[in-house]
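Undergrad: quick one, structure for this:
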Amino acid sequence: QVQLVESGGGSVQAGGSLTLSCATSGYTHCEHDMSWYRQAPGKEREFVSGIDSDGNTRFADSVKGRFTISQDNAKDTLILQMNSLIPEDTAMYYCKRYCSLGGLWSIYWGRGTQVTVSS
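TA: Numbers count the residues shown, from 1 in each chain. This next block holds a predicted model:
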């Protein structure tokens, strides 16, 4: 059973920081590419940030300059460092990865970690 487990969410005041982690387990093979999405109440899930196998990163315009993304050396854990948080960053944050289990490739999502930013 492929599992992506996010952690590190919480409640902070505007201007604060949080570090989210996403750990992958139970897979046969996974693409090194990983990404973060978020979904605020009443809104659609949106892309936040991603990293590919070469370490190239991409960010939504709304978080550029404030968030950074990285992976551990084994590329099993994805990190999202969030600085200068604003109330608009309040959402459930999910990680996404394309993995194989028993030869069947699928997109996997974690259950999410809640980030709440108060003004």
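Undergrad: where in the protein is pLDDT low?
TA: The chain contains no residues with pLDDT under 70.
Undergrad: and the strands in it, which stretches?
TA: Assigned by DSSP state E, the strands in the chain fall at 3-7, 10-13, 18-25, 29-39, 46-51, 57-59, 67-71, 77-82, 91-101, 104-109, 113-118.
Undergrad: would TSV of those strands with mean neighbour count be doable?
TA: Heads up, the C-betas are built off the backbone N, CA and C, glycines and all. Converted to TSV, those look like this (neighbours: other CB atoms under 10 Å):
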stretch	mean neighbour count
strand 3-7	17
strand 10-13	13
strand 18-25	18
strand 29-39	19
strand 46-51	19
strand 57-59	14
strand 67-71	18
strand 77-82	21
strand 91-101	20
strand 104-109	12
strand 113-118	17
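Undergrad: residues in contact with stretch 93-106: which ones?
TA: Residues outside stretch 93-106 that contact it (CB atoms under 8 Å, 6 or more residues apart in numbering) are 1-2, 4, 6, 9, 20, 22, 24, 26-31, 33-39, 45, 48, 78, 80, 107-115.
Undergrad: chain center to that stretch: distance?
TA: Distance of stretch 93-106 from its chain centroid, counting by CA atoms, centre = their mean, to the nearest Å, is 14 Å.
Undergrad: in the sheet, who's paired with the closest residue to residue 97 other than its chain neighbours?
TA: Of all residues not flanking residue 97 in the chain, residue 34 sits nearest, at 5.0 Å (CB to CB, 6 or more residues apart in numbering). Beta bridges link residue 34 to residue 51, residue 97 when assigned by DSSP bridges.
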